[in-house]
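S.K.: Model the structure of this input:
(2 chains)
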Amino acid sequence: MKQENTYIEELVTLFFEGLTTNRQEKELYMFFSKENIPDNLQVYQPFFEALGEDGILTKIEKSGLSLSSSPLRKKVRFVRWVSIAASVVIFLLVTLKFLWKEEFILPIDRDYVIQDGKIITDEEIILRELQKTMEASFLPEEEMERFITEISRNHPHIFNTNY
Amino acid sequence: MEPERFKKEILVLREDLFRYAWKFLENDPEAEDVIQELFLRLWYNRNKLDNHPNLRALCFQATRNLCLNHLKVMKRNTGEKSEEIEVPISITPHIQLELKDSVEKVFAIINTLPDLQKTIFRMKHADGYEVEEIAEITGSSPEAIRMNLSRARRKVKELFLKTEGK
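M.R.: Numbering: from 1, shown residues only, chains lettered A, B, ... in the order given. Purely as a prediction, here's the structure:
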């Protein structure tokens, strides 16, 4: 009996060193499934009993490793996507808040011109004003010279270089 | 994929993959652990590999992912040596109360182990592989496998006894 206990103690040591064979491990499970385990080995009894159970082997068998990422990687990926989604939402909220400020809203939803501080929406008036502006920008040269002469006569100090 | 083809087409890449892993980790034991985990993942998924168009590229990509993952864990555990890196134990007092059954308790503890240790534990205890066979699959030395098996068993024992209040 004493010899067996010494042998089991050695096996327990070897087991935690990773040095036992499958056959030796079965011996350990068998030993610890018995009653009247010596005091110094009793601490290991529930542990080896559990490892010797068929139930645990079945459970471990079902929890296989996959080629996919480990839980840590999945967690990191999840956190990354949540961060991106949160950034997009914040960006949209800030942009909307900015755009909805009163001064950025157009006063009317039609074409208009502002003349002397008044908003004109009448298309006929707008066209007429546009035509005037276009014509003014193509004043004939003679008319332009006459205009300059007139100004220089009425306001000589503008063109007087000896002033 | 048949074990012979696995050896012929995947295991032959070991040295190149180790060097590739080393470039990321700059550390022999850590690169070795990553390569062991890689081959065990590939081994358990070998049936899905038969029709893969580029196994070499798959292996390098998986190595890269595992290395980056490893570096992230390292970063989280700054200052700790790689062999001390453990997934945080999630056995709360509440779970302790729930897990009155020793089998449930041991299983819950095994699930907290790092992937590599968990897989070696599984291969030894559930699939009935001997250490030498696991070493052959991963192209590692039996000593390297024993080291991880030993770490896993000690950790499970330590936590189990703690939950038992011993």
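S.K.: what's the spacing between stretch B:31-45 and its chain's center?
M.R.: 7 Å (CA atoms, centre = their mean, to the nearest Å).
S.K.: what does it rub up against?
M.R.: A:64-67, B:6, B:10-11, B:14, B:17-18, B:21-22, B:24-25, B:49, B:59, B:62-63, B:66-67, B:70, B:82, B:115-116, B:119-120, B:123, B:134, B:137-140, B:144-145, B:148 (CB atoms under 8 Å, 6 or more residues apart in numbering or on different chains). Quick note: C-beta positions are derived from backbone N, CA and C, even for glycine.
S.K.: ok, 6 Å please
M.R.: A:64-65, A:67, B:10, B:17-18, B:21-22, B:25, B:62-63, B:66-67, B:70, B:115-116, B:119, B:137-138, B:140, B:144 (CB atoms under 6 Å, 6 or more residues apart in numbering or on different chains).
S.K.: and these, which are buried?
M.R.: Neighbour counting by 16 or more other CB atoms under 10 Å in any protein chain shown classes A:65, B:10, B:17-18, B:21-22, B:25, B:62-63, B:66-67, B:70, B:115-116, B:119, B:137-138, B:140, B:144 among the contacts of stretch B:31-45 as buried.
S.K.: From those residues, which land in helices?
M.R.: Residues of the buried ones among the contacts of stretch B:31-45 located in helices (DSSP state H): B:17-18, B:21-22, B:25, B:62-63, B:66-67, B:70, B:115-116, B:119, B:137-138, B:144.
S.K.: Those residues also near chain A: which ones?
M.R.: B:115, B:119 (CB under 6 Å from any CB of the partner chain).
S.K.: now the strands: where do they sit in chain A?
M.R.: Secondary structure of chain A, counting by DSSP state E: strands at A:113-115, A:118-120.
S.K.: Mean pLDDT lowest where, among those strands?
M.R.: If you rank the strands of chain A by mean pLDDT, strand A:113-115 sits at the bottom with a mean of 73.
S.K.: hmm, who's touching that one?
M.R.: For strand A:113-115, using CB under 6 Å, 6+ apart, the contacting residues are A:120, A:126.
S.K.: cool, stretch B:146-165 as well?
M.R.: Here stretch B:146-165 has contacts from A:16-18, A:47, B:96, B:105-106, B:109, B:113, B:116-117, B:120-121, B:124, B:131, using CB under 6 Å, 6+ apart.
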